[in-house]
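Q: here are the coordinates; sequence isn't available:
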């Protein structure tokens, strides 16, 4: 929508300047000066309002679903600092990385998966 407003503003300003220029020619009329001024003012108004409008921000919810084959036993997660048991409610995704906030010592760190070998 902003691009359309900028293009329309450029067209209005261009023709407004042409009308003002033509008003000072030997065959020009004073009405052309007013048409040009109004056109230029509308063009600058479009630029002003298009630059002030901010796009609406919608929150993005990401859900990870993992399908594990066979019977898998989960180990309890423990805090790296104090050793307290951490539940799934303490894990959040921040900028695409899983972050843990320990409810006991209030330490925040990123989860990383150790290699299997």
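A: Okay, I see it. The shown structure was predicted, so the numbers you read here are calculated from the model rather than taken from an experiment. Numbers count the residues shown, from 1 in each chain.
Q: and the gap between residue 82 and residue 100?
A: 12 Å (C-beta to C-beta, to the nearest Å). (Glycine included, C-beta is placed from N, CA and C.)
Q: out of these two, which sits in the more crowded spot?
A: More crowded of residue 82 and residue 100, by other C-beta atoms under 10 Å: residue 100, with 16 against 11.
Q: where does this structure have low pLDDT?
A: Confidence mapping of the chain against pLDDT under 70 gives the ranges 55-56, 68-74, 113-117.
Q: residue boundaries of the helices in the protein?
A: 2-23, 30-52 (DSSP state H).
Q: contacting residues around the residue positioned nearest the centre of the chain?
A: Centroid-nearest residue in the chain, with C-alpha atoms, centre = their mean: residue 57, separated by 6.1 Å. By C-beta atoms under 8 Å, 6 or more residues apart in numbering, residue 57 lies in contact with nothing.
Q: the one 4 residues further on too?
A: By C-beta under 8 Å, 6+ apart, residue 61 lies in contact with nothing.
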